[in-house]
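Undergrad: For reference, the sequence and a predicted model appear below.
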2 protein chains.
Amino acid sequence: MIDPAFEKWQSQLRKGFLELCVLVILEERRQSYGLELLHVLEQSGLDVREGTLYPLLNRLHKSGWLESNWETPVDGGHPRRFYKLSAVGKNQLAPMLATYQANTASFERLVQGSLASLSRALEAQETPP
Amino acid sequence: MIDPAFEKWQSQLRKGFLELCVLVILEERRQSYGLELLHVLEQSGLDVREGTLYPLLNRLHKSGWLESNWETPVDGGHPRRFYKLSAVGKNQLAPMLATYQANTASFERLVQGSLASLSRALEAQETPP
DNA sequence: AAAAATACTTGGCATTACATAGTATTTTTT
DNA sequence: AAAAAATACTATGTAATGCCAAGTATTTTT
């Protein structure tokens, strides 16, 4: 019995987070395209849908944070739309990382005073035999 | 010159995150009320507005994750609406923490391979003299 | 030639953060 | 005692994102 509100919350938690992940990948790989990004995200443990990623890429492109160009693989195959960070996008990445890490630090501060109660919550997660 | 898209992204990143923070605080403090929660959040570094927190509490209450009751302080003063985790809410907390930590771990995996490029990004954050 | 795989597009829904404005009660000030 | 300020919560509307679902186009496989 999974509370449907929990799954909705999970979706909400990914807002903004996925964009940061994509920018980090592009910063590392210099460039990439949709399905490859999906693969990289999945390998890192993030199960992202096409209907999530492609609009995300279009938004970042419209915001001017990404540049894109179509390329056909040299060995043939379906043409792909490659994305890479623009100068503007590169400038955004550092503040975004700072914001993300500030949130993480705030959360750590919140749980710091409640290690006992949190370990209680985590233990309750496992089903008793 | 701050990109307005950056501030919008910051708001998006807090979606879901703030709910988790509030639940963690209530798990630790047993119970609390609006303005006190704002104070605790602010002390941890999160600048949350009334117009964000109160609707959030109402939503969690409607979802059945929180119980609430009005109390007037024994030494007089304005009556306050106190919230505490319900049994359902307590059951949500552990899976939510697991999801949050899974996201954090995925992100760490993504940046792991790009320590060099990320430190470049962080250095670019400081303005040269 | 048909089917499958690759790769991207588009439209619509539900949800949340935030701004803004408003209500009610208590305390402080004059 | 009346006015002002502080405390505390409510209500409305907007913008933005994740996700589902269906669709298009090209290439490869059968």
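TA: Perfect, thanks for sending it.

Undergrad: I'd like to know how far A:Asn58 sits from chain B.
TA: 14 Å (CB to the nearest CB, to the nearest Å). All C-beta spots, glycine's among them, are computed from the backbone N, C-alpha and C.

Undergrad: ok, for A:Glu42, nearest residue in space, not its chain neighbours?
TA: With sequence-adjacent residues excluded and distances taken as CB to CB, 6 or more residues apart in numbering or on different chains, A:Glu42 is closest to A:Val48, at 7.2 Å.

Undergrad: wait, doesn't that neighbour sit right on A:Leu35?
TA: No - with contact defined as CB atoms under 8 Å, A:Val48 does not reach A:Leu35; the gap is 11.1 Å.

Undergrad: How about residues contacting the strand or helix carrying A:Phe6?
TA: In this assignment (DSSP states H and E), A:Phe6 forms part of helix A:4-13. Counting by CB atoms under 8 Å, 6 or more residues apart in numbering or on different chains, helix A:4-13 makes contact with B:15-17, B:19-20, B:63, B:65, B:92, B:95-96, B:99-100, B:103, all of which sit outside it.

Undergrad: still on that earlier bit, compare neighbour counts for A:Val48 and A:Leu35 and give me the winner.
TA: Looking at A:Val48 and A:Leu35 with other CB atoms under 10 Å in any protein chain shown, you find the greater number of neighbours at A:Val48, namely 17 against 13.

Undergrad: tell me the contacts of the residue nearest to A:Asp3 when sequence neighbours are not counted?
TA: Residue nearest to A:Asp3 in three dimensions, not counting chain neighbours: B:Gln92, with 6.2 Å by CB to CB, 6+ apart. Residues in contact with B:Gln92 (CB under 8 Å, 6+ apart) are A:Asp3, A:Ala5, A:Phe6, A:Trp9, B:Leu23, B:Trp65.

Undergrad: In contact with the spatially most central residue of chain A, which residues?
TA: Closest to where the C-alpha atoms of chain A average out (CA atoms, centre = their mean) is A:Leu18, at 2.3 Å. Each residue near A:Leu18 by CB under 8 Å, 6+ apart is listed here: A:Leu41, A:Leu46, A:Val48, A:Thr52, A:Leu53, A:Leu56.

Undergrad: State the phi and psi torsions of it.
TA: phi -60, psi -40 (degrees, to the nearest 10).

Undergrad: Buried residues in the lengthiest helix in chain A, which are they?
TA: Secondary structure of chain A read by DSSP state H shows that its longest helix is helix A:87-112. For helix A:87-112, the neighbour count (16 or more other CB atoms under 10 Å in any protein chain shown) marks A:89-97, A:99-100, A:103, A:106-107, A:110-111 as buried.

Undergrad: biggest separation within the contacts of helix A:4-13, which pair?
TA: B:Ser63 and B:Asn103 (21.1 Å; CB to CB).

Undergrad: any low-confidence regions in chain A?
TA: Within chain A, the ranges that satisfy pLDDT under 70 run A:1, A:113-129.

Undergrad: cutoff 80 now
TA: Within chain A, the stretches with pLDDT under 80 are A:1-3, A:113-129.

Undergrad: how about the residues of it near DNA strand D?
TA: A:10-11, A:14-19, A:48-52, A:55-56, A:59, A:72, A:76-79 (CB under 7 Å from any atom of the strand).
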